[in-house]
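Asks: Need the 3D shape of this:
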Amino acid sequence: MKGFAGGMLSGRCILRHQCQPFTAVQTRLPAKLWHARQLHKTVCQQTTPTATATKSPSIIYATAAGSRHDMPGHSECAARIPAILSALDVSKLTSEHRPTQVQSLTKFRAATLDEVCAVHDKRYPEALRKIVQQQQKEAQFAIVESAPTYVTSSSYQDALQAAGAAIALVDSCVAAARHRASAGQPSSGVPAGFGICRPPGHHAVRQSCMGFCLFSTVAIAARYAQQTHGLKKVMIFDYDVHHGNGTHDIFYDDPDILFVSTHQQGSYPGTGKLSEVGGPNAQHATINLPLPGDAGDNAIKAAFEDIVAPAAHRFAPDIILVSAGFDAHWRDPLAGLQFRTSTFHYLAAQVKQLANAVSGGQCVFLLEGGYDLKGLGDAVVDSFLGILGEASHDTFSPDLLRDEPTDKVKAVLAEAARVHEL
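Replies: Residues are numbered from 1 along each chain as shown. The predicted structure is shown next:
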């Protein structure tokens, strides 16, 4: 099928990269940001939520399953959301099991065209809608981009609904934060938002779909937070195994959006170079951390502590949005990083604690990748547990994984610290 809205961007095959084994990562934060890191650790220790202390929900989640957006044999399939919901139910982490701690947001509207076009070319949604209408007539799916990205008869509305869920979660978190602030209550009690939504979004560029993604959900949510709630500065942290090229491109010259991406070097779509630091008006507002193949738990922890957290403190965002991809999990078939289930526990906990410290507790996680259904469900469960301040359920022995490439990770982080003056 021919491209639309100025031409479809071509995608490349996702390759699994093999690297030499390595050992634990040890990196040091440059001295001039030592105090910022210590402040982050202190605030985190003071604001870690516990089940016994929680009097209001710690997590608000919204589900947009896109059940009819499905293609037989495709990795980005409709079974992903049921796998997550089933894992949460088995672990008793749903609103039915924990109504005071975990709440489900069930009534929310789809995103409007104005909200979508705040980050996408105005011609693109109409072009996508017409292609989807054709599938309604033919009752099938169509490949519209080489990743391959597909559409079905429901894809247009499903993508709007996923973006609407993200918007509703922003609304809920902002409302809770403002209520607690007016009551003189600590930001640690502001619930985290969690969007269990598909199709994903971070590869979609301004004028077209790409990489399984139709609309840039996290970008839509970021611009909405700015325009509707007056949250001027937004941080987007993307830990999907694949670089969020769409988010990167949309905000590349925007000084009010800090985009930080950890991703596997050389994997699809081949973007996300460390040397790309933002446009002329937004130097250091884009931070790309391309990790070598086989990087895992030690690498991402070093990246967070040495680069992500200090960058957040320097930027001082009003809200943190997370492109929460779970395809860096060691089980995932589409790449070659080695995050453990407990790695996602760590990331979720640290993001919430970081939000408590710098953005009034306001943070929203939005599902991106994650294609091994078992690994995906387990990782989301552990993410919830991390936000709740409870122990990880991960029992897998890390001794069964390959060694991490310590020296390569050190080099990446040292160069990032140098380039971004951290």
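Asks: Now the residue positioned nearest the centre of the chain: which helix or strand?
Replies: The centre of the chain sits closest to S323, judged by Cα atoms, centre = their mean, with a distance of 1.2 Å. Per DSSP states H and E, S323 falls inside strand 319-324.
Asks: follow-up on the earlier one: tell me the bridge partners for the residue nearest to the centre of the chain.
Replies: Taking DSSP bridges, one obtains D238, L366 as the residues bridged to S323.
Asks: rewinding a little: same question for the strand holding S323, mean pLDDT?
Replies: In this model, strand 319-324 carries a mean pLDDT of 99.
Asks: Go through whichever helix or strand comes after that strand and flag the buried ones.
Replies: Counting by DSSP H and E, the element after strand 319-324 in chain order, helix or strand, is helix 341-358. Buried residues in helix 341-358, counted by 16 or more other Cβ atoms under 10 Å: 341-358. C-beta: built from backbone N, CA, C; applies to glycine.
Asks: Run through the neighbouring helices and strands of helix 341-358.
Replies: For helix 341-358, the elements it packs on are helix 34-47, strand 192-197, helix 297-303, helix 309-315, strand 319-324, strand 363-367, helix 373-388, judged by 3 or more Cβ pairs under 8 Å, 6 or more residues apart in numbering; DSSP states H and E.
Asks: How about the secondary structure of K408?
Replies: helix (DSSP: H, G, I helix; E, B strand; the rest coil).
Asks: quick one: it and D294 touch, right?
Replies: No: if you go by Cβ atoms under 8 Å, K408 and D294 don't touch, sitting 9.0 Å apart.
Asks: Looking at these two, which is more packed in?
Replies: Neighbours were counted for K408 and for D294 using other Cβ atoms under 10 Å; D294 has more, 24 against 20.
Asks: what pLDDT does that one get?
Replies: Looking at D294, the pLDDT reads 98.
Asks: what does Q207 give?
Replies: 98.
Asks: What is the helix of greatest length in the chain packed up against?
Replies: Criterion DSSP state H: the longest helix present in the chain is helix 155-182. Where contact means 3+ Cβ pairs under 8 Å, 6+ apart, helix 155-182 is packed against strand 59-64, strand 102-105, helix 113-116, helix 123-138, strand 192-197, helix 217-229, strand 319-324, strand 363-367.
Asks: What average pLDDT does stretch 114-129 get?
Replies: The average pLDDT within stretch 114-129 is 98.
Asks: Give the buried residues for that stretch.
Replies: Buried-residue list, stretch 114-129, by 16+ other Cβ under 10 Å: E115, V116, C117, A118, V119, H120, Y124, P125, A127, L128, R129.
Asks: Confirm for me that G246 is in contact with H202.
Replies: Yes: if you go by Cβ under 8 Å, G246 and H202 touch, sitting 5.6 Å apart.
Asks: Next, show the common contact partners of those two.
Replies: C213, S216 (Cβ atoms under 8 Å, 6 or more residues apart in numbering).
Asks: helices and strands of this structure: which one has the lowest mean pLDDT?
Replies: Using mean pLDDT, DSSP states H and E, the weakest-scoring helix or strand in the chain turns out to be helix 34-47, at a mean of 45.
Asks: quick one: the residue nearest to the centre of the chain from A417, how far?
Replies: 23 Å (Cβ to Cβ, to the nearest Å).
Asks: burial measure for the closest residue to S187 other than its chain neighbours, as a count.
Replies: Nearest residue to S187, sequence neighbours excluded (Cβ to Cβ, 6 or more residues apart in numbering): G361, at 3.4 Å. G361: 27 surrounding residues under other Cβ under 10 Å.
Asks: May I have the phi/psi pair for G361?
Replies: phi 80, psi 0 (degrees, to the nearest 10).
Asks: measure it to A192 for me?
Replies: 8 Å.
Asks: and for those two, which residues touch both?
Replies: Common neighbours of G361 and A192 (Cβ under 8 Å, 6+ apart) are C173, K352, A355.
Asks: want to throw those residues into CSV with distance to Q103?
Replies: Converted to CSV, these look like this (distance: Cβ to Cβ, whole Å):
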residue, distance to Q103
C173, 12
K352, 16
A355, 18
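Asks: Can you tell me which of those residues is nearest F108?
Replies: C173 (13.1 Å; Cβ to Cβ).
Asks: residues near the closest one, how many?
Replies: If you count neighbours by other Cβ under 10 Å, C173 ends up with 25.
Asks: repeat for G266
Replies: 15.
Asks: just P72 next, same as before
Replies: 6.
Asks: Kindly report the same for V90.
Replies: Neighbours of V90 using other Cβ under 10 Å come to 11.
Asks: switch to numbering from 16
Replies: Taking 16 as the first residue, the last one we looked at is V105.
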